[in-house]
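**Q** give me a model of this one.
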Amino acid sequence: IVFIYFLQLIKKGGLEIIDCNNHVKNAINYFGPSCAVNSLHDKYNPIGDNSDKLCKLCVGKVPGGKCTNADPFAGFTGAFRCLLEAGEVAFLKHTTVTELTSRRIEFPTISKDDFELLCTDGSKRSVEQYEECNWGLVPSAAVVTTSAKTMKVRRIYQRFLQRAVEVYGGNSTLKNQTYFVRNRDPYGRDYTQAPFTNRDIYNRDDYTNSKVNNNYRNTFSNNISFTSSLSPDNVYNQTFNLFESVPRYGRVHNLLFEDNAEHLMALDESRQTYASYLGDRLDIILAIRDCPVRIMSLCVTSEPELEKCLKMKSALRAQLLKPELTCYKGHSHIHCMQAIRKGDSDVAVLDAGDVYTAGLRFNLIPFISEIYNLPTPEYYVVAVAKEEDPSTEIHYLRGKNTCHGGINTAAGWVIPMAYLLTNGWMRSYGCDSMRAAAEYFSKSCVPGALSTEYNTGPPYDNMCHLCRGRSYRYCRRDASEDYYGYTGALQCLVEGGGNVAFVKHTTVHESTDGKRREWWARNALIQDFQLLCSDGTRTSMDKYMDCNLGKVKSNAIVTRGGEAYNLTEINAYINLFIYAQQFYGRKDQDDFNFAMFYSKPPYADLIFQDAATQLAIIPPSQRWYSTYLGKDFMRAKRIVDCYASAWQQKPSKILVSFFILLALILSTKG
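**A** Residues are numbered from 1 along each chain as shown. Reported below is the predicted structural model:
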């Protein structure tokens with residue numbers, strides 16, 4: 001029934017939708033202190049951030065009794081009581097006021113004439129004029145059962161309930177006396193008997209001369225006389241009414257059935273679904289869940305990611321989460337950036353290196369970041385070598401075979417190359433890091449090194465010699481290349497002939513000690529690998545905080561910025577991801593549950609990093625790419641990318657041209 005009120009308030013009352021997936025939060029933002037029981041319950045507070053504003057007027061005292069179904073202000077009777085004692089308006093059924101004031105049981109001094117109906121046109125009417133002044137019709141409460149029951153069984157249930165109404169309904173003309181002796185004290189005596197009566201619990205007087213009574217055998221006579229104690233005249237024959245609650249069972253109304261119900265109507269098979277029963281009222285429920293932003297398109301770059309995206313779409317739809325997720329497949333991360341800028345897609349999850357490119361070239365902004373095992377959205381970049389290969393050390397990698405997560409990725413390229421170049425371990429060739437790496441290393445796997453989208457200089461074949469992708473997948477910068485990503489770089493180190501892999505500090509922990517079942521990782525132990533430290537030493541994998549090449553920001557979700565910046569869209573996207581995380585942010589996976597931070601083997605880090613534990617909202621003040629990435633990363637990017645500075649100069653050149661043109665126009669007018 002609450003959906004009717006919400007829809008009218010949205011249409012005519014100015015109720016703003018601030019959370020597409022939590023109408024309680026919208027009510028909190030709209031109403032003052034209220035009593036809306038269960039507004040803090042998990043079902044209506046899925047991410048736990050509802051305020052207690054809608055519980056302020058509730059009066060429950062017992063532990064767990066305030067603002068729950070046990071609260072005195074729960075239900076329509078409770079809402080009416082709340083109106084009398086604390087509130088200004090109550091949302092009720094059209095029968096509630098008349099029903100409660102006419103019985104003179106709980107509210108003996110209250111008359112229905114003391115109340116008025118609030119109409120949607122702004123007027124007021126008397127309580128009897130509910131047909132002209134109401135907020136809409138809703139189907140009555142229904143008896144439900146599992147859909148697994150056959151139609152034959154359901155018909156049996158229907159006949160049983162209808163027969164129960166015939167016998168025990170309030171208007172039944174049949175004898176509806178029950179023969180269960182319920183009205184007795186703990187000693188078995190009828191409450192209607194005098195306290196010192198001589199009669200026993202069977203209503204017999206043992207002090208009378210006559211021993212002829214019910215269930216009593218005269219041992220000196222063969223004549224046995226039975227007088228039924230189940231006579232309708234006996235005081236313990238109690239009537240039962242299916243539609244009665246108060247005062248027989250206390251002060252709680254509508255137990256099992258509504259007190260004002262008159263009969264039960266059997267539904268035919270065609271109406272025994274929620275959609276057919278609710279009819280057009282279902283549109284009202286869905287309208288409450290409507291979102292100002294209807295669709296969010298997520299851009300992915302490979303078939304495995306597309307498959308996961310489609311599963312995520314189904315999972316979010318199952319929870320009725322809005323906006324609706326759609327999946328867009330780009331042929332590269334650069335293509336995804338272009339699609340987002342053009343409006344063909346809306347969001348993408350990018351590595352820090354791609355966040356840089358997205359912000360610099362396409363005016364995209366990060367708004368959500370991943371959190372790993374650190375308290376902040378960051379991770380350490382580490383160089384990993386095999387324990388059995390003591391000759392490999394960070395200060396002299398000339399002629400070594402190297403494994404990288406991808407060209408221009410933060411941990412796979414930008415940070416390690418900037419470290420080697422700034423410390424003079426390899427010749428820089430200005431800022432041409434691709435040439436420097438190609439001449440310094442012997443063989444490598446740098447997915448994307450042959451792509452003109454990422455490598456604007458000449459291609460160097462040895463940068464892909466260790467890669468293992470087949471056909472067009474060879475050395476591609478997406479999940480179709482076996483050695484793409486940080487788990488792929490570790491696999492390259494294990495089986496592909498690499499001497500060193502540049503990865504995240506979590507990568508080795510994720511793939512060793514039986515955590516992955518692929519044959520290359522099955523026997524790998526964390527003791528089989530060591531970190532290469534900047535002082536030339538080695539250490540164990542758990543010392544990454546002291547032995548690393550630097551710290552960079554986590555992967556982030558980006559969307560349109562600049563002139564296309566839309567705060568309503570961004571808030572809707574944030575809302576969807578946070579709710580998705582609440583429902584599906586698990587690590588365990590099976591055939592019946594979707595997990596955001598899990599990738600089906602042999603793949604890893606599909607869309608989200610498998611190491612992610614949660615998503616964090618990036619504060620608005622940090623949603624510019626350079627602010628998010630930090631000065632150290634910006635400096636490292638300029639060292640390894642000749643075009644970084646050039647792109648940064650473009651806005652200033654445009655600005656200069658604008659002022660020159662403006663000066664010419666002004667001088668002409670002068």
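
**Q** Gln560 contacts Gln338, correct?
**A** If you look again at residue 560, you'll see it is Arg, not Gln. No - between Arg560 and Gln338 there is no contact under CB atoms under 8 Å: 11.7 Å. For glycine as for every other residue, the C-beta is placed from the backbone atoms N, C-alpha and C.

**Q** more crowded one of the two?
**A** Arg560 (21 against 17; other CB atoms under 10 Å).

**Q** flag the shaky bits of the protein, pLDDT-wise.
**A** Applying pLDDT under 70 to the chain flags the ranges 1, 170-238, 644-670.

**Q** how is it partitioned into domains?
**A** Following automatic domain parsing, one gets these domains for the chain: 2-129, 295-372+555-629, 378-553.

**Q** which of the ones you listed sits closest to Met151?
**A** domain 295-372+555-629 (26.5 Å; CB to CB).

**Q** hang on, the earlier thing: using JSON lines, lay out the domains of the chain together with distance to Asn241.
**A** Output for the domains of the chain, formatted as JSON lines (distance: least, CB to CB, whole Å):
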{"stretch": "domain 2-129", "distance to Asn241": "14"}
{"stretch": "domain 295-372+555-629", "distance to Asn241": "39"}
{"stretch": "domain 378-553", "distance to Asn241": "63"}
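
**Q** looking at those, which is nearest to Val640?
**A** Closest to Val640 of the domains of the chain, according to CB to CB: domain 378-553, at 3.8 Å.

**Q** just how off-centre is the closest one within its chain?
**A** 35 Å (CA atoms, centre = their mean, to the nearest Å).

**Q** try stretch 331-339
**A** 27 Å.

**Q** likewise for stretch 616-625?
**A** The answer for stretch 616-625 is 21 Å, by CA atoms, centre = their mean.

**Q** which residues touch that stretch?
**A** 355-356, 358-360, 364-371, 377, 556, 561, 574, 578, 627-628 (CB atoms under 8 Å, 6 or more residues apart in numbering).

**Q** narrow the residues you listed to those in helices?
**A** Among the contacts of stretch 616-625, the members found in helices (DSSP state H) are Val355, Tyr356, Ala358, Gly359, Leu360, Ile574, Ile578, Thr627, Tyr628.

**Q** mind listing what's buried in the strand or helix carrying His335?
**A** Using DSSP states H and E, His335 sits within helix 333-342. Of all the residues in helix 333-342, those buried under the rule 16 or more other CB atoms under 10 Å are His333, Ile334, His335, Cys336, Met337, Gln338, Ala339, Ile340, Arg341.

**Q** what does stretch 152-168 give?
**A** Within stretch 152-168, the residues that count as buried by 16+ other CB under 10 Å are Arg154, Gln158, Leu161, Val165, Tyr168.

**Q** with secondary structure and distance to Cys464 added, can I get these in JSON lines?
**A** Formatted as JSON lines, the buried residues of stretch 152-168 follow (DSSP: H, G, I helix; E, B strand; the rest coil; distance: CB to CB, whole Å):
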{"residue": "Arg154", "secondary structure": "helix", "distance to Cys464": "65"}
{"residue": "Gln158", "secondary structure": "helix", "distance to Cys464": "70"}
{"residue": "Leu161", "secondary structure": "helix", "distance to Cys464": "73"}
{"residue": "Val165", "secondary structure": "helix", "distance to Cys464": "78"}
{"residue": "Tyr168", "secondary structure": "helix", "distance to Cys464": "81"}
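
**Q** would you map the strands across the stretch 251-400 of the chain?
**A** Remark: strands assigned in the stretch 251-400 of the chain by DSSP state E, counting those that start in this stretch are 295-300, 324-329, 348-350, 364-371, 378-386.

**Q** nearest to Ala418, out of those strands?
**A** strand 378-386 (9.9 Å).

**Q** could you give the angle of the closest one to strand 364-371?
**A** Orientation of strand 378-386 against strand 364-371 (axes from the mean of the first three to the mean of the last three CA atoms, to 10 degrees) gives an angle of 70 degrees.

**Q** so what's the closest residue to Met545 other than its chain neighbours up against?
**A** In this structure, Met545 finds its nearest non-sequential neighbour in Tyr380, 6.9 Å apart by CB to CB, 6 or more residues apart in numbering. Shown in contact with Tyr380 (CB under 8 Å, 6+ apart): Lys504, His505, Tyr544, Met545, Asn548, Leu549, Gly550, Lys551.

**Q** so which of those are in helices?
**A** Going by DSSP H, the helices hold none of those.

**Q** from those residues, which ones fall inside strands?
**A** Judged by DSSP state E, strands contain the following of those: Lys504, Gly550, Lys551.

**Q** of those residues, which is the most crowded?
**A** Lys504 leads the ones in strands among the contacts of Tyr380 on contacts (other CB under 10 Å) with 29 neighbours.

**Q** wait, that one sits on Thr487?
**A** No - the criterion here is CB under 8 Å, and Lys504 misses it with Thr487 at 9.5 Å.

**Q** touching both of those two, which residues are there?
**A** With CB under 8 Å, 6+ apart as the test, Lys504 and Thr487 reach no residue in common.

**Q** am I right that Gly64 is in contact with Ala70?
**A** Yes - taking contacts as CB under 8 Å, Gly64 lies within contact range of Ala70: 7.1 Å.
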